[in-house]
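Participant: dropping the sequence and predicted coords here.
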Amino acid sequence: MTTVLLARHGRTAANADGVLAGWTPGVALDERGREQAEALAARLAPLPLAAIVSSPLERCRQTARAIAATRDGAEVQLDERVGECRYGDWTGQTLKTLSKDPLWKIVQTHPAAATFPGADGEPLRAMQARAVEAVRDWNAIVGAEHGSDAVYLVCSHGDVIKAIVADALGLHLDLFQRITVDPCSLTVIRYTELRPFVLRLNDTGGGVDGLKLPPARRRSRRRGPPSPPSGDAVVGGGAGAP
């Protein structure tokens with residue numbers, strides 16, 4: 001039951017100014033974003049991470065490095081598949097300006113049909129496909145190397161994380177705009193053989209101790225009601241993390 005922590009990068013000046021940064025080089029965290037990254041790193045410090053994966057864009061690398069800095073010898077591994085959507089000609093424009101583009105309405109109401117303009121513009125459905133593929137691949141890699149109870153982190157971008165969550169929830173991509181992912185928020189998905197479980201969404205505070213599963217040999221001996229088979233939903237909602 002590999003668990004992935006999806007962390008959005010901290011705030012940038014582009015975020016604050018309402019500019020769509022996309023793959024613009026050198027977009028770094030602003031002062032508030034650096035504070036957010038340090039706070040997230042401190043929150044996650046008690047939680048063992050089997051791997052730290054990041055989008056290659058600087059704002060994500062900065063956030064991931066802050067998390068890695070709290071762990072001796074931790075390395076940040078880059079995966080372009082969790083990089084930002086390629087917004088093509090929309091890149092670098094203000095959201096206020098883009099909201100007047102006819103494509104804006106399609107992005108809002110029918111994103112599965114949206115392809116961003118320009119030579120490097122990407123369909124949102126292609127962005128979702130590559131991002132979900134990356135998470136599934138990392139689930140297999142981390143599970144094989146560290147066991148099925150392993151927890152790892154992927155630092156990515158708002159639309160990318162929303163698309164991964166939509167897939168985990170079994171939602172059509174056209175519904176992904178109902179999901180909110182704030183800067184340096186934490187979204188947690190536990191993948192099982194039967195289905196993914198979304199444990200947290202857009203979480204910006206609180207402890208993380210409950211995200212670590214006890215070893216299987218100890219789980220079978222602990223007190224309390226028996227757990228359902230791995231991957232089964234708990235009817236009634238269950239008692240939550242111990």
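Facilitator: Structure's in. What do you need?

Participant: surely residue 203 meets residue 188?
Facilitator: Yes - the pair residue 203 and residue 188 passes the contact test of Cβ atoms under 8 Å, sitting 7.4 Å apart. Any C-beta I mention is one placed from the backbone N, CA and C, and that applies to glycine too.

Participant: more neighbours: these two, which one.
Facilitator: residue 188 (20 against 16; other Cβ atoms under 10 Å).

Participant: tell me the bridge partners for the more buried one.
Facilitator: On the basis of DSSP bridges, residue 188 is bridged to residue 5, residue 200.

Participant: OK, contacts around residue 88?
Facilitator: Contacts of residue 88 were listed using Cβ atoms under 8 Å, 6 or more residues apart in numbering, and they are 116, 117, 118, 119, 120, 121, 122.

Participant: repeat the analysis, applying 7 Å as the threshold.
Facilitator: 116, 117, 118, 120, 121 (Cβ atoms under 7 Å, 6 or more residues apart in numbering).

Participant: could I get the phi/psi values of the closest residue to residue 62 other than its chain neighbours?
Facilitator: Leaving aside its sequence neighbours, residue 62 sits nearest to residue 29 (Cβ to Cβ, 6 or more residues apart in numbering; 5.0 Å). The phi/psi pair for residue 29 (degrees, to the nearest 10) reads phi -70, psi 140.

Participant: neighbours of residue 29, how many?
Facilitator: 25.

Participant: now do residue 161
Facilitator: 26.

Participant: give me the mean pLDDT for the helix or strand where it lies.
Facilitator: Using DSSP states H and E, the element containing residue 161 is helix 158-169. The average pLDDT for helix 158-169 rounds to 97.

Participant: next, count neighbours for residue 195.
Facilitator: 13.

Participant: could you do residue 114 as well?
Facilitator: Residue 114 has 22 nearby residues by other Cβ under 10 Å.

Participant: with the one 3 residues further on instead?
Facilitator: For residue 117, the number of neighbouring residues by other Cβ under 10 Å comes to 12.

Participant: ok, and the closest non-adjacent residue to it?
Facilitator: residue 89 (4.5 Å).

Participant: in terms of contact, does the one you found touch residue 120 like I think?
Facilitator: No - with contact defined as Cβ atoms under 7 Å, residue 89 does not reach residue 120; the gap is 8.9 Å.

Participant: who's in contact with residue 135?
Facilitator: By Cβ under 7 Å, 6+ apart, the neighbours of residue 135 are 4, 154, 164.

Participant: pull the helix or strand with minimum mean pLDDT from this protein.
Facilitator: helix 216-219 (a mean of 50; mean pLDDT, DSSP states H and E).
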